[in-house]
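Student: Take a look and give me a structure for this.
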Amino acid sequence: MRILIIEDDHKIANAIKKGLEQESYAVDVAYDGEDGFGSAMNIEYDAIVLDRMLPGMDGVDICRALRENSVKSPIIMLTAKDKVSDKVAGLNAGADDYLTKPFSFEELLARVRALMRRPQEITNSKLTVSDLSLDRVKFEVMRGNKNIKLSSKEFALLEYMMRNPNRILTKDNIISHVWDYDADVLHNTVEVYIGYLRNKIDKPFKTLPELIHTVRGFGYKIGIK
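Tutor: Numbers count the residues shown, from 1 in each chain. Take a look at the predicted model:
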């Protein structure tokens with residue numbers, strides 16, 4: 001899943017980026033309002049962490065402009081202002097949540113996860129496709145009663161696919177949601193990681209239906225044919 005951080009304090013932005021990447025998210029960072037707004041308009045992010053006070057374009061103005069342009073990515077606004085009126089202004093502009101500085105990374109992570117569950121109408125941390133389950137909090141994947149060990153990137157790829165069951169995902173879709181914007185990723189890399197997932201999720205379970213499918217000329221999907 002791909003997250004955008006718009007924060008002019010490089011130390012805070014880079015700390016959040018590092019923490020989220022350790023949780024297997026792909027993360028992009030913009031250090032001023034105009035760059036952040038441009039990124040949010042041109043790339044479909046699964047969540048946006050937005051500072052209120054920014055050079056170039058204020059966070060409230062960014063939030064309002066994104067909503068006016070039908071950008072639906074969940075937004076959590078960060079600010080040093082803790083007055084109720086400030087929070088109301090951010091929420092009225094279209095923010096989904098509000099976190100006052102200083103904050104713990106654990107709380108930010110919990111709020112980001114909660115926001116990312118809303119569009120998919122997920123009521124808990126677990127995703128399921130047939131007998132395959134993925135627990136985002138426990139970082140655990142099971143097929144039936146067998147635990148499947150995945151790398152962080154394999155886990156991120158599988159999570160993105162399981163959030164979109166039976167939907168054809170192109171290689172470009174996958175790259176934009178699973179890898180960072182500045183990562184030099186080729187289409188062949190996607191093929192390699194799809195192969196890794198097949199070797200762990202389908203091939204060891206020969207008596208069960210295959211779940212990962214190639215749609216020739218289009219991309220990949222997960223589900224039962």
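
Student: Please spell out the segments of this structure that come in under the pLDDT threshold.
Tutor: Low-confidence segments of the chain, defined by pLDDT under 70: 82, 117-125, 180-183.

Student: Tell me which residues of the top helix by length along the chain come out buried.
Tutor: Using DSSP state H to define each element, the chain has its longest helix at helix 187-201. Under the neighbour-count criterion of 16 or more other CB atoms under 10 Å, helix 187-201 has 189-190, 193-194, 196-198, 200-201 buried. The C-beta positions use only the backbone N, C-alpha and C, and glycine is treated the same way.

Student: Farthest-apart pair in these, please.
Tutor: The span of the buried residues of helix 187-201, defined through CB to CB, is set by Thr189 and Ile201 at 18.4 Å.

Student: Can you list the residue ranges for helices in this structure?
Tutor: 10-22, 33-42, 59-68, 84-92, 105-117, 152-162, 171-178, 187-201.

Student: Out of these, which is closest to Asn145?
Tutor: The nearest among the helices of the chain, by CB to CB, is helix 187-201 at 14.4 Å.

Student: Which strands and helices lie in contact with that closest one?
Tutor: helix 152-162, helix 171-178, strand 212-215 (3 or more CB pairs under 8 Å, 6 or more residues apart in numbering; DSSP states H and E).

Student: Using a markdown table, lay out these together with distance to Ile43 and mean neighbour count.
Tutor: Putting the helices and strands packed on helix 187-201 into a markdown table (distance: least, CB to CB, whole Å; neighbours: other CB atoms under 10 Å) gives the following:
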| stretch | distance to Ile43 | mean neighbour count |
| --- | --- | --- |
| helix 152-162 | 14 | 21 |
| helix 171-178 | 7 | 19 |
| strand 212-215 | 24 | 14 |
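
Student: Show me how this protein divides into domains.
Tutor: 2-117, 126-222 (automatic domain parsing).

Student: returning to what we had before: out of the helices of the chain, nearest to Ile212?
Tutor: Across these, closest to Ile212 is helix 187-201 (CB to CB), at 5.3 Å.
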